[in-house]
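Chemist: Predicted structure and sequence below. I'll ask about it afterward.
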Amino acid sequence: MKGRSSRRRRLGRAVVAAVVLAGAVAAPEAATVRAQDDDAQELADRYAPIVMLRTQESDCDPDGEPFAPMSVDKLLDNPQILLRQVGRGDPVMMRAPGASDLADLGEGFYLDFPGDALRPGCLYEQDFARFTAGQPSVMYAHVAQQADRPDRLALQYWLYWYYNDWNNKHESDWEFIQILFPAGSVAEALQTDPISVGYAQHEGGERADWDDDKLERDGTHPVVYSSQRSHASYFAPALYMGRSASEGFGCDNTESPSTRVDPDVVVLPDDAGGPDDPLAWVGFDGRWGERHPVPNNGPTGPNTKPQWTEPVTWHDGLRPSSFVVPTNDSPGNAVIDAFCGVVGWGSVQLNRFFAEPWLMLAALALIAALAVFLVRRTSWDVVEATPLARRRRLGEIIRLAGSTYRQHPGTFSAIGALAIPVALAALLVGSVIRRLPFIGDLVVVSDAEGGGGRLVISSMIAGIFTLFAFVVVSAAVAWLVGGPQGVGAGVGGATRAVGGRARELASSFIPAAIAIVLLPLTVIGTPVAVWLVVRWQFLPQVTMLEGHAGRRTLARSGRLTRRRWWHTALALLIVTVVIGAAGVVIGLVLLIAFTGLPLWALSAIVVACDVVVMPYGALVMTYLYGDAVAASADATADVEPAPAPALA
């Protein structure tokens, strides 16, 4: 018994020693893990980005950013959030899923928020404000190393947004920023400076060296300008244009004024520790938003992205720059503005189609039926070009103008070039106005507040000179096709004829332009200005072919459009659309097809298109003038002996 008792004591001491030894071994390992976690948190806090959001002036205001980076904890255990499984009507698996419920779920599951992502209204903004009221903004950090690049360490920041309200619309939005270190561990990274940063933008992104001038920093904290409602990350406040999936197809706005946000940082592990881990949602492979056709599908989480495990490869594929839309009034900018507007409008229509396909198909059928009706309301027969004063239907005029242009393309294209000096004069006048002591100061102040004043002044200048350019071209075209000399007189003869009657043209155009520009400033005078634009549309033809000037020209044009105002307005609308759209459409095609096309080349192409197309519009209005003369009861009563015999 005594021997057996002694053996038991020795065995007990051995067990205790083994336990103590095991604890002694485990304790340093646990301490090492804790130290590594502490180092990762220190590194993440040291370089945490500052997020700049476009300021939203009031709730539900479409201009500005209503969302901010938030904690996903506000979604977890939330009774308003559903977990659905794909298939057979996407049944609800549970309400208020928690982190443990999402752990290790596959691609066949997704979260569903209150509301319809394709018709958001203000609901998502209101829910975001309600869920995050009084809570700090949050971003998630992750330390990543690529297996084949042990000499580089990536510090990643993942930003979760409740809703993406851009050209594509979807519940949830995961965005990404990465800082690259020349280090093999977190401890080494703490002892050195970063070498590069990468900002994610849609399916691609942009990079900068740590000492690059374009990288704005507050100490060690990079400043990130988040695009309004798309949440793509940029290096500066500006308007950016994307023409591919990598850049984002559309325009991103990070312009000032901005609101600064300093989110708290939560470090994410590579893999969650288990279903009871508060960060177990890291292993969720499903979607963080309701299911829709691409591009409106809810996104997957950080762990499904290639940069989670291959950060250096992702970083090496980033662009060195993004396309910034210049803040000037060049023709190229008109194309870019049109691109932004068309893409935005088109995305809205596409989303409406996804939400209400039958309603959109019915609307398209109605538009097509209306177009067919209007086309068949007129005649498209071939008619003679002479005499000028004869009755013609609008379709016949449109066809005749094209035929006349095709017979003398060189002559009419050269006449369109008369608009170039007018365009240069517009740029010169605009530049001078911006430098005037009083008006120039107003423009500068307005630019600082969003550019409203500059836009108004620029639009007024552009409008006046565009009208004048069309008057000059129309006067030359009218003299060629309506005078006795005919088109054979050429560009030189037309130019001399217009120069000879420049005083008469100015005497009627200047008072007309003043009235048309000033009336809209009263707001209630806008309809009157529109009415006068149509009423005085035959100013160049009357001046060149009937010898009138000043008020007599305006009065004669008014009589010719009497009881024909709507007919004249429709023709003018067609001409305006053709002239305005030709250069923009061609510019849009080139803008998308040749992404490296410089802005000056795009502007030159737009101007060239305007030069070529403007004489066609002048031909349409000149033949319309001839139709009005023929239809007028006093077709010859007001014609002085000097005008062209073609009007007799």
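Modeler: Okay, I see it. Residues are numbered from 1 along each chain as shown.
Chemist: lowest-confidence helix or strand of the protein?
Modeler: helix 437-448 (a mean of 46; mean pLDDT, DSSP states H and E).
Chemist: and residue 265, how far is that from residue 186?
Modeler: Counting by Cβ to Cβ, to the nearest Å, the separation of residue 265 from residue 186 is 14 Å. Placement of C-beta: from N, CA and C, glycine included.
Chemist: Who has more neighbours out of those two?
Modeler: Applying other Cβ atoms under 10 Å to residue 265 and residue 186 shows that residue 186 carries more neighbours, namely 22 against 18.
Chemist: what's the helix or strand for the closest residue to the more buried one other than its chain neighbours?
Modeler: Leaving aside its chain neighbours, residue 186 sits nearest to residue 39 (4.5 Å; criterion: Cβ to Cβ, 6 or more residues apart in numbering). For residue 39, the element it lies in under DSSP states H and E is helix 2-46.
Chemist: neighbouring strands for the next helix or strand after that helix, and are they parallel or not?
Modeler: Per DSSP H and E, the first helix or strand lying C-terminal to helix 2-46 is strand 50-54. Using DSSP bridges, the strands paired with strand 50-54 in its sheet are strand 221-226 (parallel), strand 258-261 (antiparallel).
Chemist: Averaged pLDDT, the first one. What do you get?
Modeler: What it means is strand 221-226. Taken as a whole, strand 221-226 carries a mean pLDDT of 98.
Chemist: Could you list the residues in contact with the helix or strand following it?
Modeler: Where DSSP H and E defines the elements, the next helix or strand beyond strand 221-226 is strand 233-234. Here strand 233-234 makes contact (Cβ atoms under 8 Å, 6 or more residues apart in numbering) with 175-177, 199-201, 205-206, 224-227, 240, 252, 254, 322.
Chemist: quick one on the thing from earlier: what is the burial count for the residue nearest to residue 186?
Modeler: 17.
Chemist: Tell me the pLDDT of it.
Modeler: 92.
Chemist: domain ranges for this protein?
Modeler: Following automatic domain parsing, one finds the domains of the chain at 32-324, 331-381+388-647.
Chemist: rank those by pLDDT, which is bottom?
Modeler: Among these, domain 331-381+388-647 scores lowest, with a mean of 79.
Chemist: Just checking the distance from that one to the centre of its chain.
Modeler: Distance of domain 331-381+388-647 from the chain centroid (Cα atoms, centre = their mean, to the nearest Å) equals 26 Å.
Chemist: and what of stretch 217-232?
Modeler: So, by Cα atoms, centre = their mean, the centroid of stretch 217-232 is 19 Å from its chain's centroid.
Chemist: all helices of the stretch 101-250 of the chain, in order?
Modeler: Assigned by DSSP state H, counting those that start in this stretch, the helices in the stretch 101-250 of the chain fall at 123-131, 186-189.
Chemist: Can I get those helices in JSON lines including distance to residue 296?
Modeler: JSON lines is the format used below for the helices of the stretch 101-250 of the chain (distance: least, Cβ to Cβ, whole Å):
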{"stretch": "helix 123-131", "distance to residue 296": "13"}
{"stretch": "helix 186-189", "distance to residue 296": "38"}
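Chemist: Pick the most buried one from those.
Modeler: Most buried of the helices of the stretch 101-250 of the chain, by mean neighbour count (mean count of other Cβ atoms under 10 Å): helix 186-189, with a mean of 19.
Chemist: what's next to that helix, contact-wise?
Modeler: Against helix 186-189 from outside (Cβ under 8 Å, 6+ apart): 36, 39-40, 43, 143, 153, 155, 181, 183.
Chemist: Put the alpha carbons of it into CSV.
Modeler: Extracted C-alpha coordinates of helix 186-189, given in CSV (Å, rounded to 0.1, in the frame of the first residue of the first chain):
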residue,chain,number,x,y,z
VAL,A,186,3.7,44.4,-38.6
ALA,A,187,6.6,45.1,-36.2
GLU,A,188,8.8,46.0,-39.2
ALA,A,189,6.0,48.2,-40.7
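Chemist: Minimum distance to residue 494: which of the helices of the stretch 101-250 of the chain has it?
Modeler: For the helices of the stretch 101-250 of the chain, the distance to residue 494 is smallest for helix 123-131, at 59.2 Å, taking Cβ to Cβ.
Chemist: Output the contacting helices and strands for the closest one.
Modeler: strand 149-165 (3 or more Cβ pairs under 8 Å, 6 or more residues apart in numbering; DSSP states H and E).
Chemist: Would it be right to say that residue 529 lies in a helix?
Modeler: Yes - Residue 529 forms part of a helix when assessed by DSSP: H, G, I helix; E, B strand; the rest coil.
Chemist: contacting residues for the residue lying closest to it once chain neighbours are set aside?
Modeler: For residue 529, ignoring the flanking residues on the chain, the nearest one in space by Cβ to Cβ, 6+ apart is residue 519 at 4.0 Å. Contacts for residue 519 (Cβ under 8 Å, 6+ apart) come out as 525-526, 528-529, 532.
Chemist: Pick the one among the residues you listed closest to residue 479.
Modeler: Of those, the one sitting nearest to residue 479 (Cβ to Cβ) turns out to be residue 532, at 24.4 Å.
Chemist: shouldn't that closest one be in contact with residue 511?
Modeler: No - in this structure, residue 532 is not within contact of residue 511 by Cβ atoms under 8 Å, at 10.7 Å.
Chemist: So between those two, which is more surrounded?
Modeler: Remark: of residue 532 and residue 511, residue 532 carries more neighbours, 17 against 14, as counted by other Cβ under 10 Å.
Chemist: Which strand or helix spans the more buried one?
Modeler: Using DSSP H and E, residue 532 falls in helix 526-535.
Chemist: Quick check: next helix or strand after that helix?
Modeler: Scanning onward from helix 526-535 (DSSP H and E), the first element met is helix 539-546.
Chemist: mind saving the C-alpha coords of that next one as CSV?
Modeler: Output of helix 539-546 as CSV, limited to C-alpha atoms (Å, rounded to 0.1, in the frame of the first residue of the first chain):
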residue,chain,number,x,y,z
LEU,A,539,-33.9,88.1,-89.3
PRO,A,540,-30.9,87.1,-91.5
GLN,A,541,-33.0,86.2,-94.5
VAL,A,542,-35.1,89.4,-94.4
THR,A,543,-32.0,91.5,-94.1
MET,A,544,-30.1,89.9,-96.9
LEU,A,545,-32.9,89.3,-99.4
GLU,A,546,-35.4,92.1,-98.7
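Chemist: moving C-terminal of it, what's the next helix or strand?
Modeler: Toward the C-terminal end, the helix or strand that comes next after helix 539-546 (DSSP H and E) is helix 550-560.
Chemist: tell me what that next one is packed against?
Modeler: helix 502-518, helix 539-546, helix 599-631.
Chemist: Now these in TSV, please, with extra columns for distance to residue 553.
Modeler: Shown next, in TSV, are the helices and strands packed on helix 550-560 (distance: least, Cβ to Cβ, whole Å):
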stretch	distance to residue 553
helix 502-518	4
helix 539-546	5
helix 599-631	12
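Chemist: ranking these by burial, who's on top?
Modeler: Of the helices and strands packed on helix 550-560, helix 539-546 is the most buried (mean count of other Cβ under 10 Å), at a mean of 27.
Chemist: Show residues contacting it.
Modeler: Contacts of helix 539-546 (Cβ under 8 Å, 6+ apart): 388, 471-472, 474-475, 478-479, 482-483, 497-498, 501, 504-505, 508-509, 512, 548-549, 553-554, 556-557, 560, 618, 621-622, 625, 638-640, 643-644, 646-647.
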